[in-house]
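S.K.: The sequence and its predicted three-dimensional model are supplied below.
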Amino acid sequence: MRDLVKEPLVQVEDLKMHFPIYSGVLRRHTGDVKAVDGVSFSIQPGETLGLVGESGCGKSTVGRALLRLYEPTAGRVIIEGEDIATLDAETLRKKRPSMQMVFQDPQASLNPRMTLSAIISEPMVEHSTMSADERQARVFELMDAVGLNRRFANRYPHEFSGGQRQRIGIARALALNPKFIVCDEPIAALDVSIQAQVVNLLEDLQDKLGLTYLFISHDLSMVRHIADRVAVMYLGRIAELSPRDALYAQPLHPYAEALLSAVNEPDPNRARRERIILTGDVPSPANPPKGCTFCTRCPKVMDICRQDRPELAEVQPGRFVACHLYTKAAGSTGASEVYEPTQQGAN
Amino acid sequence: MPDGAAPVLDVRGLKTVFRTRGGEIHAVNSVSFHLKRGEVLGVVGESGSGKSVTMMSLIGLLPTPPAEVRAGTVMLDERDLLKISPEELRQVRGARIGFVFQDPMTSLNPVFTVGMQIMEPLREHMGMDKKQAETRAVELLELVGIPDARKRLKSYPHQFSGGMRQRVMIAIALACNPDVLIADEPTTALDVTIQAQILELVKELRKKLGMAIIWITHDLGVIANIADRVMVMYGGQVAEHGPVKELFADPRHPYTRALLKTIPSISGQREARLQVIEGQPPILNAAPTACPFRARCTHSHARCAAENPLRRAVDGTALGQGHDVACHWSPEAADA
Ligand SMILES: Nc1ncnc2c1ncn2[C@@H]1O[C@H](COP(=O)(O)OP(=O)(O)OP(=O)(O)O)[C@@H](O)[C@H]1O
Ligand SMILES: Nc1ncnc2c1ncn2[C@@H]1O[C@H](COP(=O)(O)OP(=O)(O)OP(=O)(O)O)[C@@H](O)[C@H]1O
Ligand SMILES: [Mg+2]
Ligand SMILES: [Mg+2]
């Protein structure tokens, strides 16, 4: 977290993304997958917000809706003062170069008929006035930056290994010097040394150009390394949003606690710490439980949790948690009075 | 596992080459390893080092051309998989060897529902009727932690999240209770709690059914958790191989040693900058005549350029049975 008084670069307010479910022969609309169901957060310029959480909890959907690769069902996404969710096509196109995404599925996002060089230069052709020579020079520069050998420039995507393909996607996202990048599992397919190389690169670019990142990852050690603040999602909502060090030292939300306890120590000769194993039904985003969405699996569940849905609230300075354990009136009346917010942050 | 038990899978001297417009790519060079019943072999190594190509070569899944398996034997019990007919191989793949691909979106068919894709091998190899197959498919999806499994059978792959698709792949691979499971980066898209659940499931299957498992991953934490032995690959070759605890405690290959230093930690001091292994991976455009790691190695000397090191045992065991390394250098010589 760099400077809290600055205007946030990205501000997300009550974002919802529901996917309709159709069924029967008439394909009637019978329900919705509530992939993202009321998410708010902000990211300061030059900040990295980590986004972690269970598989299927809506992280990629948040990332896509943020860049309007999906049309959000509800909510506002303000990037540099403009509401992305309502921009017309032409204004959006002009804004595209400044916001980019590195996709989770590298294979699916690379055109199999284009060479590596063509893939990386495509956004430059589309959005810049660079000459062919300038583009080629930039392609080589980017290939060096992500650790791809220049001699691979004329190969096609299928001729690369999984990790090599992921790096093509990263080089492409960087081509136009964006301000804001959604990195969706950018390093999952890479070996640790290249992960380190890519993360160092992202950090260098941030220092040099002031880039802002939403960094979606399952790798909690890497998130600890790169993120300034971390949002932990569960079933379409944010369970906890805290500064990195505070979260890793002491997670407040029971889901965050369970998640952090499950990390594998990368050494078989070292004893691992106590792991919290979650039991109970894993709910579906098409049919979330009443009350707190984590109540079916929470080791600390209380009666109120099955009734009232806790809102994200600031429970310690800078730490936002959606959990009845931290509301004053927990268990009694159900009225959730909370800590007075001391500074802007979660929204 | 009792020592000396015959391996279920025994791979010797495997060589795979791609013929491309730009010349040959020697992706796999004389790779040998074996796998006993109920054993988990972890495979790690640099991106592009030939892990996926090695495994795809075993079971004939590489398109030929451009790929060509030039040499080697792959014995599954008494049969050499490189010699049997395509039809026999297809049977082996469905029923005896389960495979989880690295890229779930390309290996799931976008036009069929997830349910159809899980039920297909059940009907074809297990002789189940539609109803039985459906029941088993729901069971499998539940095993891998997909909520609302029965309803989800009707979804298409693009309606699943990255991690859910990966779990579908795992369910398909496990469908016919294979003797050997080859899992290529099967949990990269999974959060740690679901990953833990999958690892527990795999350990249980190993114990209950004696399933033998090859687990390819970049996550050394996962390796530390489930592998009995580890094989480290570099530049299309086996750089180092050994029991998991020994390999972590006493890595012998300079690549392995560098690799273990690059992991950020979850506890302790947070490092300002992550360690990387400087330099570029080898191009692999010719059969190796020198050590592929030498250009990046801090211990390389004249011999490394003149002679590609063979694997040698470092703990007095027979080659391939204990800890071995393909390197001319040794830490003891350096200390002396
Ligand atoms: N196009 C779609 N149609 C219907 N449902 C969808 C669609 N895309 C995603 N979903 C559903 O929305 C939920 C959230 O998916 P999302 O891809 O955002 O998860 P995620 O947090 O990125 O998970 P992972 O860590 O596994 O990548 C899932 O239940 C998924 O099935
Ligand atoms: N169809 C192909 N044509 C040419 N070269 C290929 C082809 N497929 C793979 N290769 C090359 O073979 C080498 C080994 O690739 P492989 O996919 O086995 O790597 P890997 O170890 O699985 O890497 P990763 O960890 O990134 O998945 C790589 O250098 C890759 O570029
Ligand atoms: Mg995702
Ligand atoms: Mg691979």
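M.R.: Arrived safely, thanks for sending. Numbers count the residues shown, from 1 in each chain, chains lettered A, B, ... in the order given. Ligands and ions are numbered 1, 2, ... in the order given.
S.K.: ok, now which ones touch residue 160?
M.R.: Answering for chain A, as no chain was given. Residues in contact with A:Phe160, defined by CB atoms under 8 Å, 6 or more residues apart in numbering or on different chains, are A:Leu116, A:Phe152, A:Ile168, B:Gly48. Any C-beta I mention is one placed from the backbone N, CA and C, and that applies to glycine too.
S.K.: you looked at the wrong chain, it should be chain B
M.R.: When contacts are counted by CB under 8 Å, 6+ apart, B:Phe160 touches A:Gly56, B:Val114, B:Arg152, B:Val168.
S.K.: A strand includes the last one, no?
M.R.: Think B:Val168. No - applying DSSP: H, G, I helix; E, B strand; the rest coil, one finds B:Val168 to be helix, outside a strand.
S.K.: Name the nearest residue to it, ignoring sequence neighbours.
M.R.: The shortest distance from B:Val168 to any non-neighbouring residue, by CB to CB, 6 or more residues apart in numbering or on different chains, is to B:Val114 (5.4 Å).
S.K.: Tell me who's in contact with the one you found.
M.R.: Listed by CB under 8 Å, 6+ apart, the contact partners of B:Val114 are B:Leu108, B:Leu141, B:Arg152, B:Leu153, B:Lys154, B:Ser155, B:Tyr156, B:Pro157, B:Phe160, B:Val168.
S.K.: Contacts (any at all) between chain A and stretch B:194-202?
M.R.: Yes - counting by CB under 8 Å from any CB of the partner chain, chain A is contacted by stretch B:194-202 at B:Ile194, B:Gln195, B:Ala196.
S.K.: What is the burial count for residue 212?
M.R.: As the question left the chain open, I've gone with chain A. By other CB atoms under 10 Å in any protein chain shown, the residues close to A:Thr212 number 23.
S.K.: should've been chain B
M.R.: Residues contacting B:Ala212 under the criterion other CB under 10 Å number 24.
S.K.: How much space separates it from ligand 2?
M.R.: 20 Å (CB to the nearest ligand atom, to the nearest Å).
S.K.: can you map out the helices along the chain?
M.R.: If you meant another chain, say so; for now it's chain A. A:59-66, A:89-95, A:106-109, A:116-127, A:132-146, A:162-174, A:192-209, A:220-226, A:244-249, A:254-261 (DSSP state H).
S.K.: looking at chain B here, not the other one
M.R.: Ranges of helices within chain B are B:51-58, B:86-91, B:104-107, B:114-126, B:130-143, B:149-152, B:162-174, B:192-209, B:220-226, B:244-249, B:254-261, B:302-306, B:331-335, based on DSSP H.
S.K.: Report the inter-axis angle for the first one versus helix A:162-174.
M.R.: The reference is to helix B:51-58. If you take axes from the mean of the first three to the mean of the last three CA atoms, to 10 degrees, helix B:51-58 sits at 140 degrees to helix A:162-174.
S.K.: and helix B:51-58, what's its mean pLDDT?
M.R.: The average of the pLDDT scores along helix B:51-58 is 94.
S.K.: How about residues contacting it?
M.R.: With CB under 8 Å, 6+ apart, helix B:51-58 has contacts from A:161-162, B:9, B:11, B:14, B:16, B:27-28, B:31, B:43-45, B:62, B:67, B:69, B:72, B:74, B:81, B:97, B:99, B:102, B:182, B:184, B:214, B:216, B:233.
S.K.: what do you get if the cut-off is 7 Å, keeping everything else the same?
M.R.: Defining contact as CB atoms under 7 Å, 6 or more residues apart in numbering or on different chains, one finds that helix B:51-58 is touched by A:161-162, B:11, B:14, B:16, B:27-28, B:31, B:43, B:45, B:62, B:69, B:74, B:81, B:102, B:182, B:184, B:214, B:216, B:233.
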